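Trainee: compute the structure for the input listed below.
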Amino acid sequence: MTVRDVSHICAKTSFHEAIPKIFQAVKDAEWDSDAKVWIFDAARYDEVIKKLEDLKNVGFLPRINELPTFVHKLLKTPQKSTETDSNILQSMQTKIPPSVYERLMEFQKVGVLEAIKKQGKVLLGDEMGLGKTIQAIAICAFYRNEWPVMVICPSSLRLTWQAEICKWLDLPEETIQVIFASKDRVSSERHFVITSYDLASREDIKKQLEKAKYQIVVADESHFLKSREAKRTKKIVPLLKRAKRALLLSGTPALSRPIELFTQISALVPSFTTAVQFGIRYCDGKQNRYGWDFTGNSNIGELHWFLEQTVLIRRLKKDVLKELPSKTRQCVYVDIAAQSKQTFAVLMAQNEEINERLEDAKRASNTKHRQEVTLEKRSFLIQMYRQTGIAKLPAVQEYLRELHDHTSKKFIVFAHHTHVLDSVSEQLNQLKARYIRIDGSTASQLRQDLCEEFQNDSETRVAVLSITAAGVGLTLHAADLVVFAELFWNPAQLLQGEDRAHRIGREENVDIKYILARGTLGMLVCLLKVCDYTLADGTAEDDIQWPLIRRKLDVVGQSIDGHSATMDTIESTSARDEKEKRLQPTIDEFFGSDDPLAELVDGSMELAEQEKEAHDKGRQSLEAVIEAGPGFTAVDKLSDCDASQSDDERNPSGKIKRKHIDQQDAYEEIQQKPKRFHGGKVDGIS
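Mentor: Below you'll find the model as predicted:
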């Protein structure tokens, strides 16, 4: 016996002349000749079982595999909300802040509604890119009178959760605690406490979390709990069971391997079945000399029905495609090591000393000295930019490892420095992942072959690309996700990188992830220090150029497309506009018209104008626009070569032969002697 849907049950039988007569006597029962099963009304289940058992009276004793108790119980008494949908929607509008509710798409509002109907105990299994985080935050907001909230997530996502909670719910940062070490003390005064799976499973942190008795627990990427024998599962599942509301978020609920769902279901469903019974029923369980083998699957239709009726909320992109923007951008905030923070403290001290000398030169009206110090300042920015990429590497590698292990999606990783590209490649090699890599050392005749491999080979899941060398001219729309491990000076370059996946011929939307590291302060950290400026929350938002770059990404995109086709998932529009109002005077002051650095940042606006003109004339290729766009004549000296420079663009002395280079190259060409080349690769920036 197995459930077909909420109203019908299927019975697969062996041959015996008495069995067909029983089902023929059941009202509305039908024989499905294709599936070779009897289908009957679920309300007549008990009647059918009794008639089959009565066959013993005629000398035939059938072996009946009845429905599991928890399934039978659900059929007899379906879970129903005590409130109507309209009443719940009205309560949602009242309890969920407008900054969140008004930004929810319709399918996301339905997701929040369903979670509330399920009493806040759900497995939110929406496909990646459909906004599970904002839905979870909205659900938490609905149950605000039950705060505080505990959030458990992969370590690489702790700061991302902190940022999104702050911005969506407009909460001060001090009301959110992020646990970074086992020695940290869990505060009972914070609205949200965020920790990693590893730390939550350590005895000292676990005891503190148990003592706090959180009524709302969020487990992001809950497939981290799939192993019944893992320490983290044994420690964390009891916390979920005790919570009044438990939100499990996973874009990859493993219905093809149901045993991986058992621990998550048992965390949400009271008095659920045992692992062995579950394995026999839904994992095609077989016993061998080593024990039980639960690696298969069986009765999947029934399991899916049970999950949808009880805890599962799952939508695929193809189901809600009309509601989705063509792109979804999100920041992924990561932390850096203490040693890297010390390095940046030293750099900050050096930066202040340079700024003081620059001010002295301005006051003395010494034009020559001012130019020299300005060049030194530019060189220093390059150094900080490179150091930012290095500082983020451990977190970037961890994020990519989790992405590779827990999704089957194809994705692109963009970076700028050779060291970062090499480290990403090394991580993928350790994971035994098949990938392509395109940078300035990649021969032009090989690039198309590599693109075709990524597009057509299902095993090649990752493309590692240099922002400047592979940002244009390549079609990689097989990718569902684009990850920027580093930012870049010119936002137009980032937009071009996004569009390697967002190309003509792609129907689904593309997720864009920007990895930002708080604590590095980014390549424009001196912007804050020079003007004695800090953000309202008292922190220097990592890669501090992000608000400026994000706005220019929007401007460039709108110039080309005529409208915004991107959803920014990191903060509400009002919060974003307010932050940019606070930041803009400082940007204007720092990038004044008398500062040559202004040309570098504002060059993207010139590029946007040219791209729009090209669009109006018939959408000339972006490559042609860039070739004809703003550039500089190459100079002899090169500070830090990058992977955008192919072998045919260099002569033995390291000078560049091409006529035009972009603003970033001009910016880098002012400092040192050429770097050395080894086998087509460069020591330094790539």
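
Trainee: contact partners for S7?
Mentor: Counting by Cβ atoms under 8 Å, 6 or more residues apart in numbering, S7 makes contact with 41-42. The way it works is simple: take the backbone N, C-alpha and C, and place the C-beta from them, glycine included.

Trainee: repeat that for the one 3 residues further on.
Mentor: C10 makes contacts with 1-4, 32, 35, 37-39, as judged by Cβ under 8 Å, 6+ apart.

Trainee: sticking with it, tell me its helix or strand.
Mentor: In the assignment (DSSP states H and E), C10 maps to strand 8-11.

Trainee: kindly report the same for D360.
Mentor: With DSSP H and E as the test, D360 turns up in helix 338-363.

Trainee: give me the contacts around the helix or strand harbouring K73.
Mentor: Element membership for K73 (DSSP H and E) is helix 69-76. Contact with helix 69-76 is made by 3, 6, 42, 45, 66-67, 269, 271-273, 302, 306, 309-310, as judged by Cβ under 8 Å, 6+ apart.

Trainee: out of the residues you listed, who has the most neighbours?
Mentor: Among these, V3 has the most neighbours (other Cβ atoms under 10 Å), with 25 neighbours.

Trainee: so it: helix, strand or coil?
Mentor: strand (DSSP: H, G, I helix; E, B strand; the rest coil).

Trainee: hang on, E66 packs against M1?
Mentor: Yes - contact criterion Cβ atoms under 8 Å: E66 and M1 qualify, at 5.8 Å.

Trainee: show me where pLDDT drops low in the stretch 251-400 of the chain?
Mentor: Within the stretch 251-400 of the chain, the stretches with pLDDT under 70 are 255-256.

Trainee: in it, which spans are strands?
Mentor: 286-288, 291-293, 312-313, 327-334 (DSSP state E, counting those that start in this stretch).

Trainee: how about the ones you listed in JSON lines, adding mean neighbour count?
Mentor: Below are the strands of the stretch 251-400 of the chain laid out as JSON lines (neighbours: other Cβ atoms under 10 Å):
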{"stretch": "strand 286-288", "mean neighbour count": "10"}
{"stretch": "strand 291-293", "mean neighbour count": "12"}
{"stretch": "strand 312-313", "mean neighbour count": "22"}
{"stretch": "strand 327-334", "mean neighbour count": "22"}
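
Trainee: distance of the closest residue to A395 other than its chain neighbours from Q383?
Mentor: In space, and not counting its chain neighbours, A395 is closest to V334: 3.5 Å by Cβ to Cβ, 6 or more residues apart in numbering. Using Cβ to Cβ, to the nearest Å, V334 is found at 21 Å from Q383.

Trainee: just E30 next, same as before
Mentor: Distance, E30 to Q383, by Cβ to Cβ: 76 Å.

Trainee: same deal with A338?
Mentor: 20 Å.

Trainee: those two: who's more crowded?
Mentor: Q383 (17 against 9).

Trainee: excluding chain neighbours, what is closest to that one?
Mentor: L347 (7.3 Å).

Trainee: pretty sure the one you found contacts Q387?
Mentor: Yes - using Cβ under 8 Å, L347 is in contact with Q387, at 6.7 Å.

Trainee: contacts only, for the residue nearest to Q383.
Mentor: Applying Cβ under 8 Å, 6+ apart, the residues near L347 are 380, 383-384, 387.

Trainee: by neighbour count, which of those wins?
Mentor: Busiest of the contacts of L347 [other Cβ under 10 Å] is M384, holding 22 neighbours.

Trainee: so how far is L171 from it?
Mentor: Distance from M384 to L171, by Cβ to Cβ: 31 Å.

Trainee: can you tell me the SS state at the residue lying closest to I438 once chain neighbours are set aside?
Mentor: Distances taken as Cβ to Cβ, 6+ apart place A470 nearest to I438, at 4.3 Å, with adjacent residues excluded. With three-state DSSP as the basis, the three-state label of A470 is coil.

Trainee: spit out the contact partners of A470.
Mentor: Contacts for A470 (Cβ under 8 Å, 6+ apart) come out as 414, 438-439, 442, 447, 497, 500.

Trainee: for it, give its distance to H502.
Mentor: 15 Å.

Trainee: for the chain, which spans come out with low pLDDT?
Mentor: In the chain (pLDDT under 70), the answer is 58-59, 255-256, 471-472, 504-505, 519-686.

Trainee: does the most centrally placed residue in it count as helix, strand or coil?
Mentor: Centroid check for the chain by Cα atoms, centre = their mean gives K513 as the closest residue, at 6.2 Å. Per three-state DSSP, the local secondary structure of K513 is strand.

Trainee: and for Q119?
Mentor: Applying three-state DSSP: Q119 is coil.

Trainee: need the contact list for it.
Mentor: With contact set as Cβ under 8 Å, 6+ apart, Q119 has these partners: R245.

Trainee: what angle separates the lengthiest helix in the chain from helix 338-363?
Mentor: Ranked by residue count and defined by DSSP state H, the top helix of the chain is helix 367-406. Interaxial angle, helix 367-406 versus helix 338-363 (axes from the mean of the first three to the mean of the last three Cα atoms, to 10 degrees): 160 degrees.

Trainee: may I see the buried residues of helix 367-406?
Mentor: With burial defined by 16 or more other Cβ atoms under 10 Å, the residues of helix 367-406 counted as buried are 370, 373-374, 377-404, 406.

Trainee: that one packs against which elements?
Mentor: Helix 367-406 sits against strand 327-334, helix 338-363, strand 411-415, helix 418-430, strand 481-484, strand 510-517, helix 525-530, helix 663-668, with contacts defined as 3 or more Cβ pairs under 8 Å, 6 or more residues apart in numbering; DSSP states H and E.

Trainee: deepest-packed of the ones you listed, please.
Mentor: Of the helices and strands packed on helix 367-406, the one with the most neighbours on average (mean count of other Cβ atoms under 10 Å) is strand 411-415, at a mean of 27.

Trainee: what's in contact with stretch 50-66?
Mentor: Stretch 50-66 is contacted by residues 1, 16, 18-19, 22, 25-26, 49, 72 when judged by Cβ under 8 Å, 6+ apart.

Trainee: from those, pick the one nearest T328.
Mentor: Relative to T328, the closest of these is H72; by Cβ to Cβ it sits at 41.8 Å.

Trainee: distance from stretch 473-483 to the middle of the chain?
Mentor: 16 Å (Cα atoms, centre = their mean, to the nearest Å).

Trainee: for stretch 397-415, that is, sorry about that
Mentor: Distance of stretch 397-415 from the chain centroid (Cα atoms, centre = their mean) equals 9 Å.

Trainee: how far away from the center of its chain is the helix holding D360?
Mentor: 34 Å.

Trainee: again with stretch 9-22
Mentor: 50 Å.

Trainee: cool, and stretch 483-492?
Mentor: Distance, centroid of stretch 483-492 to centroid of chain: 17 Å (Cα atoms, centre = their mean).

Trainee: same thing with stretch 293-311?
Mentor: 27 Å.

Trainee: mind listing residues that contact that stretch?
Mentor: Contacting residues not belonging to stretch 293-311 are listed as 2-6, 70-71, 74, 78-79, 118, 121-123, 255-259, 261, 265, 268-269, 275, 279, 281-287, 312, 314 [Cβ under 8 Å, 6+ apart].

Trainee: any of those buried? List them.
Mentor: Going by neighbour count (16+ other Cβ under 10 Å), the contacts of stretch 293-311 have 2-4, 70-71, 74, 118, 121-123, 255, 258-259, 261, 265, 268-269, 275, 279, 281-285, 312, 314 buried.

Trainee: wait, doesn't E453 sit right on R461?
Mentor: No - in this structure, E453 is not within contact of R461 by Cβ under 8 Å, at 11.1 Å.

Trainee: neighbour count winner among the two?
Mentor: R461 (21 against 15).

Trainee: any idea how far the residue nearest to the more buried one when sequence neighbours are not counted is from S298?
Mentor: Nearest non-adjacent residue to R461, counting by Cβ to Cβ, 6+ apart: K410, 4.9 Å away. Going from K410 to S298 by Cβ to Cβ gives 30 Å.
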